[in-house]
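Undergrad: Below: sequence and its predicted model.
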Amino acid sequence: MSILSADHLTKSYGSTVALHDASMSLQPGEILAVMGPSGSGKSTLLHCLAGIFTPDGGTVTFNGRDLAALSDRERTRLRRTDFGFVFQFGQLVPELTAVDNMALPLLLAGVRRRPAYDRAAAWFPRLGLTGLEGRRTGELSGGQAQRVAVGRALVTGPTVLFADEPTGALDSLTGENVMDLMVDTVRTEGTAVILVTHDARVAAHADRQITVRDGAVIAPEVHVA
Amino acid sequence: MIRLGLHLTLRSGREALTRLVVAALSVAVGVGLLLSVLAMYHAYRDTITKPCWQCTQVADTNGSLLWNYQQDIYAGHTIDRVDIATVAAHTPTMPGLSALPAAGQYDASPALVALLRSVPTDELADRFPGTLAGTIGPAGLQSPDSLAIVVGHPPSDLSSHTMRISAIDTAPRGLSTSQIYQFGFAMGAVALLVPMLVLIGNATRMAAARREERYAAMRLVGAERSQINMIASVDAVLGAIAGAIGGIGIYAALRPGLVHLPLLGYRFFDTAITPTGWGYLGALLAVPAAATVTCLASLRRVRISPLGVTRRVTPPAPRMWRILPLLIGLAVFIVPLLNTTKPNGTPGLAVLALIMVMVGLMIAGPWLTMAAARLLARTSRGGAGLLAARRLADNPRASFRMVSGLVLAVMVSTTLAALVPAALASQDSGQVSALQNVLRLGFNNGNDAPKPGAVLGLDPAEATQVMAAVAAVPGTHLIPIYAPSTADDALQQTGPFFGGDSVIPCSDARLLPALGICPAGARMVLADTGSTYTDNLRALNQTLPFITTNSTPTSDDMAQLRLSDLLVTTTSASSLERVRTALSRYGQDIDSDETPMTFGEVAAVRARLFLAIERVVTVLVAITLLVAGSGLAVAVSGSLVERKRPFTLLRVTGTGLATLYRAVLLETVLPLLAATIVAAGVGLAVAYPVARSLAPQQHGDVLPHPTYYLTLTGGVLLSIAIIAACLPILSRITATNHARFE
Amino acid sequence: MNVPTTLLGLLEPEPSHGYELKRSYDSLFADNGRALSFGQLYGTLNRLERDGQIQVLGAAPGEGPDRKRYVITETGVAQVETWLAEPERPEPMLQATLFVKVVLALLSDRPAAKYLDTQRDAHLERMRELTAMRKAGPLSRTILADFGLFHLEADLRWIDMTTARLDQLRNEITR
């Protein structure tokens, strides 16, 4: 019983084939690592799954609904309520403070100011960011910014969190800390995660992994005890 | 969402706030100037629609009022003087007066009342018999500076020539020049509006790339397109509203100055100078609306996806067709001028064509920029040239947009600078004559067209009285000009009588050497003094001297001749006014169409219109340059801030600050120069046919005029100065210790 | 390093003399481990023959051991197959074995990429266990787990890069 699945996706950019016949599925609350070398199409797969890109062929199904059948507006709403995103960097609005950024998805979803900020502020201690609420993005360290991004992705209580190389810009230890924090939090929240990474140690935080190579998904067949 | 937008705009740190302030300031400058133009236009409309009681001309033999209108003059200022006498009940009313003055009283305009009090009575007050009864209100005056007086007389005091009327005209003056002014205001508004729109556009687009990144980040967390549009609009509207309010403030600051701006040669009434409620409403509603539209339009051109900003595919290089609209606009403007004999053609079409020329220039700009960039790439060797050429070729549109306002300003000012001196030169208003300060009185009284063979002028008895009155003023010399007698012996020799031939006594002529020297032994000579009626000093100078050694002596008896004209030399301004005062008693003897004026004053009246135009033009060019300069400053600093990262990287990797300065200067000045040269050419092309049709043939080429070079050089230097003034930003934002490598 | 199965793998493409076997073994794998001694070679071959994984082909009695030609049996092929397909237990110092497996798979036209993927999955599975261990703490165990994780990660990198260059490698060794 998967919540998010892709069936025979194809996607090309001009003459470059990014995905051909990629299929996968995600179980509720599961952390799935998507691995593969650069340019293998793993980010394209993520963007198709999140409804940011529309695949050329195949279907993406979320909770039984075909994403391609939704309007841009509905997909946007879906991203706001059911999906969360953590990228390598650059996803925070630079002019805003940490707490502003964290409250932004709630405000965009029409939550009133006071409850939105209350909910956002409640995440700071959970993420070990107490006292940094008023900092602007530029005044945060890389690890802190990533933790704010994690909080912002989870503040709306999404069903699926999309993480694309979430520790790609961090050193090993900071990366491990961010990963530990993220995994612990999604476990508590019951959020499923699509974790795109080329880093095996990051992928090792997942429950299982699939590999994208040359636009196709290679799922493991044999499990070794 | 609006609150979120406000929050984002107001609390997003220094950069966003700076952007808001700059946008607001730019809008404020534009709105302030626009309101000023509107206010002046309103005042102008108000003035030209004032009732013209001076124009009263419909005689009615059964009328209740005797009406004798004359123009008097004091120190070069025209005084509207009307002498009236009531002959029946139900007298008509006059604008600005509740009742006409009774006999022995006069009503005067406030400016004249003040003047009457401040100058010696024998210079002015003595001209008006009676006592001051009241003042003429604004309804009857064009300007607070207007000098006007209504003098009441008993009917017996006014001569039989006096017109009898039953109503005073209240229709506005059919101003022959009003079309020129309409054209001027329309052109001014266009010339001002376009750079202003460019300025506002630049301000709202400032640091757009940074803003778009922010919007992309918001799209990612689920902001809908409409929410982004709303947030962007709030940003733009906030700046525009702040700007509009600031603009009203700027207008309020400018307004005291406007009151003193003699746009038409005189000031407007204080109360008339207002942009009106509609003007304010327009500034507060239309400008924010326009800003929002500009902002949304600029957002449309970038696709903001949740993954970031994907600009549309690199735009293709501008093509040659871009110069077509410009050429068509020029053709539309010039061809009617060449075809019709009337200068100015149809103002409507000309304005349209002018707009087209301006728009065409904007369209052609990117292509010109690219052409210039290619030239630069081919010729430059240094790193700066290469950087600049690369940037220009990469996005000629953006590069040209920065300088577009200024280019338009250059075009407009070139046109005007080339046009106005030509127009003025053709009017010879700058001429000086030896007769400049000589007063001329004409006595062709009777006012009607002379019957063939009729002898005009004052009879000797009257002439003696008038001459005695003038001669009584100290410091005057009189040169009488007589109409020759039909039996003149000399005329019998020279041929049939014609009006230009006059008799001048040699002894008097000697007092004014410019008239010439009589042949030896001559007592009186025949001379052609016809050109004393001209208002063109050049024409007058060309016929001087009237008397030469070849002039025909005549032996008429001076005491029998009728006095046709009188030339009076005076030694000072006050004696001039005293002469006029002395003459005022003989007003009925003096030709009623002729005010006793010096040749210089007559020429000044003629030049007034053109001087007024020149003033308007100067103001307009100054404002346009100001607006365009601000636009340039905003655009340059905006583009520097936007490219902070690449500049910082260049600097970190060892590119000298001087090289960066040169690159920025080059990439800005190059399109400016390229477009300026074309704009100047276009301006000349626009001005040349007009100037040609204005200028008399004998003047030959009227272009180019030194003013033109000055304006052009001034404009370019100004813009380079502005760009240079923006450069220090570069040093600050690329300081390596501020560099962040994300 | 599994010498018997490696020799089986080398015998699979075609029957061979002991001396030739040693030469191929040394040229392919000596850099990887140690050159094969004749004693080790013939001892192993005898054991394989005894287990029925190879047979001696047309040997004239009395001739020296180096005159014997060996051929792989069905049992031998099955043994090679199983060994290649089965991922190694992910633990440090695997490189020699993994390398032999890749080469043998390529030599015998077996799906080397698939074997590597399977190995990769096994490695990741082990990394998941270690990650769970390091998260459980205490720090001493975490650090120990990290040691294993980094080594496995190194293996994984090697696996990824080898996977990407299998075609080149095939060309080189089957030349």
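TA: Great, that's in hand. Nothing here was measured: the structure is a model prediction, and the numbers come from that model.
Undergrad: Could you use CA atoms for every contact and neighbour count after this?
TA: Noted.
Undergrad: Would you agree C:Gln55 is in contact with C:Glu49?
TA: Yes. Assessed by Cα atoms under 8 Å, C:Gln55 is found in contact with C:Glu49 at 5.7 Å.
Undergrad: which helix is the longest one in chain A?
TA: Identified as the longest helix of chain A according to DSSP state H is helix A:172-189.
Undergrad: From the contact counts, what lies against that one?
TA: Secondary-structure packing of helix A:172-189 (3 or more Cα pairs under 8 Å, 6 or more residues apart in numbering or on different chains; DSSP states H and E): helix A:142-154.
Undergrad: And the helix it packs on, how far out from the chain middle?
TA: The chain centre lies 12 Å from the centre of helix A:142-154; the measure is Cα atoms, centre = their mean, to the nearest Å.
Undergrad: Tell me the buried residues in that helix?
TA: In terms of neighbour count (16 or more other Cα atoms under 10 Å in any protein chain shown), helix A:142-154 has its buried residues at A:142-154.
Undergrad: Now do it, average pLDDT.
TA: Taken as a whole, helix A:142-154 has a mean pLDDT of 89.
Undergrad: How about stretch B:665-676?
TA: Mean predicted lDDT for stretch B:665-676 stands at 80.
Undergrad: The closest residue to chain A within chain C: which element?
TA: Residue nearest to chain A within chain C (Cα to the nearest Cα): C:Arg128, separated by 4.6 Å. Secondary structure from DSSP states H and E places C:Arg128 in helix C:112-136.
Undergrad: Share the number of residues neighbouring the closest residue to B:Gly385 other than its chain neighbours, please.
TA: In space, and not counting its chain neighbours, B:Gly385 is closest to B:Ala663: 6.1 Å by Cα to Cα, 6 or more residues apart in numbering or on different chains. The local packing of B:Ala663 (other Cα atoms under 10 Å in any protein chain shown) involves 21 other residues.
Undergrad: Then C:Leu98?
TA: Using other Cα under 10 Å, C:Leu98 has 21 neighbouring residues.
Undergrad: Next: the one 10 residues further on.
TA: By other Cα under 10 Å, 19 other residues sit near C:Ser108.
Undergrad: again, but for the one 4 residues further on
TA: Applying the criterion other Cα under 10 Å, we find 24 residues in the vicinity of C:Ala112.
Undergrad: Distance of it relative to C:Glu125?
TA: C:Ala112 sits 20 Å away from C:Glu125, taking Cα to Cα, to the nearest Å as the criterion.
Undergrad: now do B:Gln560
TA: As judged by Cα to Cα, B:Gln560 and C:Glu125 stand 138 Å apart.
Undergrad: out of the two, which sits in the busier spot?
TA: C:Glu125 (21 against 13).
Undergrad: Distance check, the more buried one against C:Leu149.
TA: Distance from C:Glu125 to C:Leu149, by Cα to Cα: 11 Å.
Undergrad: and stretch B:601-617, average pLDDT?
TA: Averaged across stretch B:601-617, the pLDDT comes to 70.
Undergrad: Ignore what I typed, I meant stretch A:218-225.
TA: Here the average pLDDT along stretch A:218-225 is 55.
Undergrad: residue contacts, the residue in chain A positioned nearest to chain B?
TA: In chain A, the residue found nearest to chain B is A:Arg80; the distance is 4.1 Å by Cα to the nearest Cα. For A:Arg80, the contacting residues are A:Pro105, A:Ala109, A:Thr156, B:Val221, B:Gly222, B:Ala223, by Cα atoms under 8 Å, 6 or more residues apart in numbering or on different chains.
Undergrad: Need the residues you listed in CSV (columns: neighbour count).
TA: Converted to CSV, the contacts of A:Arg80 look like this (neighbours: other Cα atoms under 10 Å in any protein chain shown):
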residue, neighbour count
A:Pro105, 28
A:Ala109, 19
A:Thr156, 23
B:Val221, 29
B:Gly222, 27
B:Ala223, 25
